[in-house]
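A.B. asks: I need the structure of the sequence given here:
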Amino acid sequence: MTVNDFRADDDSQSASRDSVILDTFPQSVKSIVADKGVGKIEEKDKPNKHVDKQNKKESKKITPSSPPSTYDVFSYKKHSMDYFTVNGVILRTGYADKKYWYILVIKELLDNVVDFLWKYYQGYSDTSVTVYVTKNDSGLHIKIRNSNSQNIPIFQNLNLIFDPEMRYGSKQNEKVISRGMLGDAMKQILALPYVLIHSSDDGTAFTNEQWNKPLIIRCNGKESHVRIIVDKAKQTYTLGIEEIKLVDDTDTEIEVFLPLILDLDIHDIENFCRTYPLLTTDISFEFHMLDNSTEKPEAKGEVHYHYVNGEWFEEKPIQASTAKRKVAIDVGCPALHPISTKWNNKSSIHSLMPEEFVTRVTSVYDQKSITLYDVLQRLREGNNIKKTDENQMSIAQFLLNPDYPKKLEEEFWHLKDALAPPGELSLPYSDNKARKQALVSRVCSIYPLLDPGKAVYKVMRGTYNDDKLRKVMHQSDKYGTTYTLDKDKGILRYPFAIEYLVVPYKTSALNDETTGEPIDRSSKFIGSVNYSFSPRSNEFEGDYQWDDKNGYPITSTSMTDILKALGFRFYDYSDGKIKIPSVIVVNIISPRVDYHGHDKSRINTHAFSETIIEAGKKIADSVQTFRAAGFKFHKERYHDAISENKNVKKKKPEDIVRAFIQSRMRRENT
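C.D. replies: Sure, this is the predicted structure:
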């Protein structure tokens, strides 16, 4: 900036303006002015006479800018607001496709119901769950009802259950066979409608639209309406809970209304609902789905033009009327046996890291009435702990001791010494013969072309011990993959189990005996964790290294990848060396399940990797290849099959060719 920028034309005002201008300059400029005078500098820097007059006028208007601020402006964002953003939902659930968000609501509500019934109704054979799903043009209505014949209290302290600032629930810090998001599900379901109606915001709106329909809970003789109002600008929310007394009814019912922002196919919901009860054979399920949405009108026929009396007229195509789809789907899965009374589903100290044990104690909500002894008794090893003055203190009183971390460390190792790690995991289904029969019945009701007589069921047990050396992928690039040997702290040791069921297709479903042509089918993999299925298939991604029968090393990235290497194909294909297409159900059962970050859709499989590989090999050994099953392949991959009817004569090659040509001719004619 030069003195010229601040020159004044009016001599009468120059003295006062000079003093103002001088104050804005740095010290070095002030000294020059003091020596030579402002007048001399102005004369030296006098502008060219050809300068545009307009520029002179504009230069008069310019004023010196204020010095830059000496401090920064900091901003903040509450973690609790992640419940109300698209990115927050993706981070918490692992699902970017919003179609899965709707199905996830059904899954999480069902998970909570099954955990509740398994815990409180062991020995009962009349437990039931009924699901109603209604789709219309603007929304999805979900209602899930479960039996609670003993009227066991549920959904206590709703203000805490739905508080986004905390996780609150009875399953917190428990390492047991359990389902669901462990304290997150209900508050995310409550927040989801707000996220959906703002999922397409482009930043141009000044309004903050709210969802006006409540989440409704009916339990223990009362009805509660829960709403949440979100102020995104202030990063605040207001939770509203209204309770209404009802007539005596012990069943529990949750009702959720979600805005529909995409073309959700009711059959996607149907597929999930048919799969969910597959492994839960001790509870009755009913699903009632109704698509009440309106078909979008589509033009029928092409536009035609007619020339009449010297003019062209356009004949508009006939428009399809907007009609209700009225798709009604009912699915029933009756319980096949009572809930087991022999199942011991209790946390063990050997499944906990020290930090998790400390959190288990210090995060108790009601610290004034719950004692340290109460917390320890909830562990498998707690039954061997005697009462003392110290462990009968309330949690609040115990934490007042500045040495409480050292005291908890002593309790941790004392519990580990009290009982050895459990050698075998207690399961809710212990009769393998009855279990196989129940699962085959469920699977074949969904896939009727399977051969139940060739079904194979097995439970494989293992123990995770983090004291062992394990091979871990270190780096993978174009030059290959390098591995390191890793060893953990030697603290965790817990049992787990992997159950699998394999049911191949019937021979008649793989070969068209009329035409002699093959019917290519694919194998289907259905992965489950603790008896619960995700909206998106869980293929147990991980780092697997193993050797084939010839001793060659193989690297796989998922269990389906292992099965592919062992001869299965998960797309329509058939060949002599390929395994007969089958439905493969694999369920990992573990008291401890570690997830990849906040993403609950993917688990860390390193604890189970060796057993998963062995399970894959046994699955492959239990299913024949096409060639071993008697199928004969020709050059074009068309094959014969040995007919299941022994009275049918063996076909000659010319008969097969003739049938093939005839079928092709029929296709061309149609």
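A.B. asks: okay, and for this protein, where does confidence drop off?
C.D. replies: Along the chain, the parts satisfying pLDDT under 70 run over 1-70, 180-183, 296-325, 468-489, 516, 597-601, 634-653, 656, 659-660, 662-670.
A.B. asks: Kindly list the longest helix within this protein.
C.D. replies: helix 99-120 (DSSP state H).
A.B. asks: Buried by neighbour count: which residues of that helix qualify?
C.D. replies: Neighbour-count burial for helix 99-120, counted by 16 or more other Cβ atoms under 10 Å, picks out 99-118. Yep, even glycine has a C-beta here, placed from its N, CA and C like the rest.
A.B. asks: Mind giving me the packing neighbours of that helix?
C.D. replies: helix 86-93, strand 128-135, strand 139-146, helix 185-197, strand 252-259, helix 266-275 (3 or more Cβ pairs under 8 Å, 6 or more residues apart in numbering; DSSP states H and E).
A.B. asks: can you map out the strands along the stretch 201-350 of the chain?
C.D. replies: 215-219, 222-231, 236-245, 252-259, 284-291, 299-300, 304-308, 311-315, 318-319, 327-333 (DSSP state E, counting those that start in this stretch).
A.B. asks: Mind putting these into CSV with mean neighbour count and distance to residue 405?
C.D. replies: Output for the strands of the stretch 201-350 of the chain, formatted as CSV (neighbours: other Cβ atoms under 10 Å; distance: least, Cβ to Cβ, whole Å):
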stretch, mean neighbour count, distance to residue 405
strand 215-219, 21, 39
strand 222-231, 17, 37
strand 236-245, 12, 34
strand 252-259, 19, 40
strand 284-291, 19, 47
strand 299-300, 10, 73
strand 304-308, 8, 85
strand 311-315, 9, 84
strand 318-319, 10, 74
strand 327-333, 15, 49
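A.B. asks: how about the ones you listed, which one is nearest residue 559?
C.D. replies: strand 327-333 (25.5 Å; Cβ to Cβ).
A.B. asks: Extract the CA atoms of the helix or strand following the closest one and return them as CSV.
C.D. replies: Going down the chain from strand 327-333, the next helix or strand is helix 354-362, by DSSP states H and E. Provided in CSV are the C-alpha atoms of helix 354-362 (Å, rounded to 0.1, in the frame of the first residue of the first chain):
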residue,chain,number,x,y,z
PRO,A,354,-8.6,-55.8,32.5
GLU,A,355,-10.0,-52.5,31.1
GLU,A,356,-13.3,-54.2,30.3
PHE,A,357,-13.5,-55.5,33.9
VAL,A,358,-12.8,-52.1,35.3
THR,A,359,-15.5,-50.6,33.0
ARG,A,360,-17.9,-53.3,34.1
VAL,A,361,-17.6,-52.0,37.7
THR,A,362,-17.3,-48.3,37.2
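A.B. asks: for the helix or strand following helix 354-362, packing partners?
C.D. replies: Of the helices and strands lying after helix 354-362 in sequence (DSSP H and E), the nearest is helix 372-377. Packing partners of helix 372-377 (3+ Cβ pairs under 8 Å, 6+ apart): helix 354-362, helix 395-398, helix 404-418.
A.B. asks: can you list the residues that contact the first one?
C.D. replies: With contacts defined as Cβ atoms under 8 Å, 6 or more residues apart in numbering, helix 354-362 is touched by 173, 175, 349, 352, 372, 375, 395, 398-399, 405, 408-409, 411-412, 491.
A.B. asks: Equivalent analysis for the longest one, please.
C.D. replies: Contacts with helix 404-418, where a contact means Cβ under 8 Å, 6+ apart, come from 349-350, 354, 357-358, 361, 372, 376, 379, 381-382, 384-385, 390-391, 398, 401.
A.B. asks: again, only using 6 Å
C.D. replies: Contact with helix 404-418 is made by 349, 354, 357, 358, 381, 384, as judged by Cβ atoms under 6 Å, 6 or more residues apart in numbering.
A.B. asks: List the contacts of residue 197.
C.D. replies: 209, 259.
A.B. asks: What separation do you get for it and residue 260?
C.D. replies: Using Cβ to Cβ, to the nearest Å, residue 197 is found at 10 Å from residue 260.
A.B. asks: Kindly report the same for residue 370.
C.D. replies: Using Cβ to Cβ, residue 370 is found at 44 Å from residue 260.
A.B. asks: what about stretch 542-549, how long is it end to end?
C.D. replies: Stretch 542-549 has an end-to-end distance of 22 Å (criterion: Cα to Cα, to the nearest Å).
A.B. asks: looking at it, residue 346 is touching residue 380, isn't it?
C.D. replies: Yes - using Cβ atoms under 6 Å, residue 346 makes contact with residue 380 at a distance of 4.7 Å.
A.B. asks: ok so, going back, narrow the contacts of helix 404-418 to just the buried residues.
C.D. replies: 349, 357, 358, 381.
A.B. asks: Just send those residues back as CSV, with distance to residue 159 too.
C.D. replies: Shown next, in CSV, are the buried ones among the contacts of helix 404-418 (distance: Cβ to Cβ, whole Å):
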residue, distance to residue 159
349, 33
357, 28
358, 27
381, 34
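A.B. asks: of all these, which two lie farthest apart?
C.D. replies: Going by Cβ to Cβ, the pair spanning these furthest: 358 and 381, at 16.3 Å.
A.B. asks: contacting residues for residue 502?
C.D. replies: Counted by Cβ under 6 Å, 6+ apart, residue 502 has contacts 456, 582, 584, 619, 622.
A.B. asks: what's the helix or strand for it?
C.D. replies: Per DSSP H and E, the secondary structure element for residue 502 is strand 493-504.
A.B. asks: same check, this time on residue 525
C.D. replies: Using DSSP H and E, residue 525 falls in strand 524-529.
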